[in-house]
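A.B. asks: how does the following fold in three dimensions:
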Amino acid sequence: MRSASDVVVIGGGILGLAVAWELTRRGTDVTVLEKEDRWAAHQTGHNSNVVHAGLYYKPGSFKARMSTAGNRSIVDFARLYGVPVEVCGKLVVATSDDELPALRVLADRAEANGVPAKLISPSEARAYEPEVSCVGALRVESTGIIDFPAVCGALVRLLDETGADLRLNTAALAIRSTDRGVEVATGDDVIRADALVNCAGLQSDRVARLAGLTPSARIVPFRGEYYELKPERRNLVRGLIYPVPDASLPFLGVHLTRMLDGSVHAGPNAVLALSREGYGWGDISAKDLAEVARFPGLWRLARKYAYPTGLDEVRRSFSKKRFAKSLARLVPAVQPEDIVRHGSGVRAQALLPSGALVDDFLIETAPHQVHVLNAPSPAATSALEIAKHVADQVA
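C.D. replies: From the prediction side, this is the model:
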């Protein structure tokens, strides 16, 4: 069978669906291919559900511009279409004097990025979070919590209403460029389109290679594991409590987040996943491991971070006591018996052959093709803004 479309979008997470919706709003006929049997099956469905404010990112970067704009647009979208959302603010806390300079840098970056935030004293911090321990804090007003899978559900309904061709259980098996566009082969169809948009997340570099592109970066999966405070200990946390992040790492560190249902999630750590879609130590893909092992960028990264950072993360993965100790730096009352395991997610982190982690969103193009090759957090927050940029590239 052969069918036609103006644009084929590969990937049914929040970014692929947002791109499809933006394109349909511009009058484009869109087909969305998702290899799983449900939307938001991977990164979006295992997200922390935090609406980020945009304070962490280098001023002028894609992340800075799109997360600050996305903070507003995703909240507006949620309120318009009945998706649960709450703008509750958060605290970034310095737990020792040597973290105060980095906290001040964050405050300066927040100001440069237009993020409403202010430095506050320990007593002021305890007015927000009575159980927190700190020597100083940054109060960020525009951070929120949301249900990102429900955002995807709303996008699917909107796309259905516009007549978009939405296909679950449909993987792209082959991609061929033509003079007029692309042809995408699935199990039972060949779709002819004017353009291709790759929003495949954990598989994005593979889809790019399938389309004939040589991407500048390789996806390396990092698993983040979460705990949850037991119901009787949820009173220890009122909102969101984050540590001052290590500027040399792309991860924000273990933090505490009160969710929309009142539960409090704790995490995530960051360990190398043994499969691109591996949510536990038992999820192992020989193909994925072999591919990563052949990539020189991983070994260069390992030489820089394996000891002690990487080893500490692995130890924390296997030790509830170590995990609780990390949380107790923020809230000393948290004890190992207060937390229980609560799932994990896998971050699609783009890595360069040099071993450098791609810090910003990475979008590469070829004739009739747009490939989103690095879109980890805050991509969900920024999804509607990234979608506009991608749609412009398609046009």
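
A.B. asks: where does Asp76 fall, secondary structure wise?
C.D. replies: helix 62-80 (DSSP states H and E).

A.B. asks: which strands and helices sit next to that helix?
C.D. replies: strand 50-51, strand 85-86, strand 144-146, helix 148-162, helix 383-394 (3 or more CB pairs under 8 Å, 6 or more residues apart in numbering; DSSP states H and E). No exception for glycine: its C-beta is placed from N, CA and C like everyone else's.

A.B. asks: for Thr178, find the nearest of the ones you listed.
C.D. replies: helix 383-394 (16.3 Å; CB to CB).

A.B. asks: buried sites along the closest one?
C.D. replies: 383-391, 393-394 (16 or more other CB atoms under 10 Å).

A.B. asks: which one of the residues you listed is nearest Val184?
C.D. replies: Out of these, the member with the shortest distance to Val184 (by CB to CB) is Val394, at 15.0 Å.

A.B. asks: next up, the contacts around that closest one.
C.D. replies: 7, 23, 28, 195, 197, 370 (CB atoms under 8 Å, 6 or more residues apart in numbering).

A.B. asks: now the helix or strand hosting the last one, how far from the chain's geometric center?
C.D. replies: Think Val370. For Val370, the host element (DSSP H and E) is strand 369-374. On the basis of CA atoms, centre = their mean, to the nearest Å, strand 369-374 sits 15 Å off its chain's mean C-alpha point.

A.B. asks: which among the buried residues of helix 383-394 gets closest to Leu213?
C.D. replies: Nearest to Leu213 out of the buried residues of helix 383-394 is Gln393 (CB to CB; 13.9 Å).

A.B. asks: the closest one and His371: what is the separation?
C.D. replies: Plainly put, Gln393 is 10 Å away from His371 if you go by CB to CB, to the nearest Å.

A.B. asks: common neighbours of these two, please.
C.D. replies: The contact lists of Gln393 and His371 share 363, 365, where a contact means CB under 8 Å, 6+ apart.

A.B. asks: quick one on the thing from earlier: got a list of contacts for the helix holding Asp76?
C.D. replies: Contacts for helix 62-80 (CB under 8 Å, 6+ apart): 51-54, 56-58, 83-85, 87, 113-115, 142-144, 146-147, 151, 154, 359-361, 378, 380-386, 389.

A.B. asks: so the strand holding Val370 versus helix 383-394, what angle?
C.D. replies: 150 degrees (axes from the mean of the first three to the mean of the last three CA atoms, to 10 degrees).

A.B. asks: now do strand 369-374 and helix 62-80, the angle between them.
C.D. replies: Using the same axes, to 10 degrees: strand 369-374 against helix 62-80 is 100 degrees.

A.B. asks: strand 369-374 packs against which elements?
C.D. replies: Short answer (3+ CB pairs under 8 Å, 6+ apart): strand 369-374 packs on strand 190-198, helix 204-210, strand 339-351, strand 362-366, helix 383-394.

A.B. asks: ok, back up a step: now, of the contacts of helix 62-80, which are buried?
C.D. replies: Buried among the contacts of helix 62-80 by 16+ other CB under 10 Å: 51-54, 56-57, 83, 85, 113-115, 142-144, 146-147, 151, 154, 361, 378, 380-386, 389.

A.B. asks: okay, now Ile284: neighbour count?
C.D. replies: 12 (other CB atoms under 10 Å).

A.B. asks: cool, the one 10 residues further on as well?
C.D. replies: When counting by other CB under 10 Å, one arrives at 10 neighbours for Arg294.
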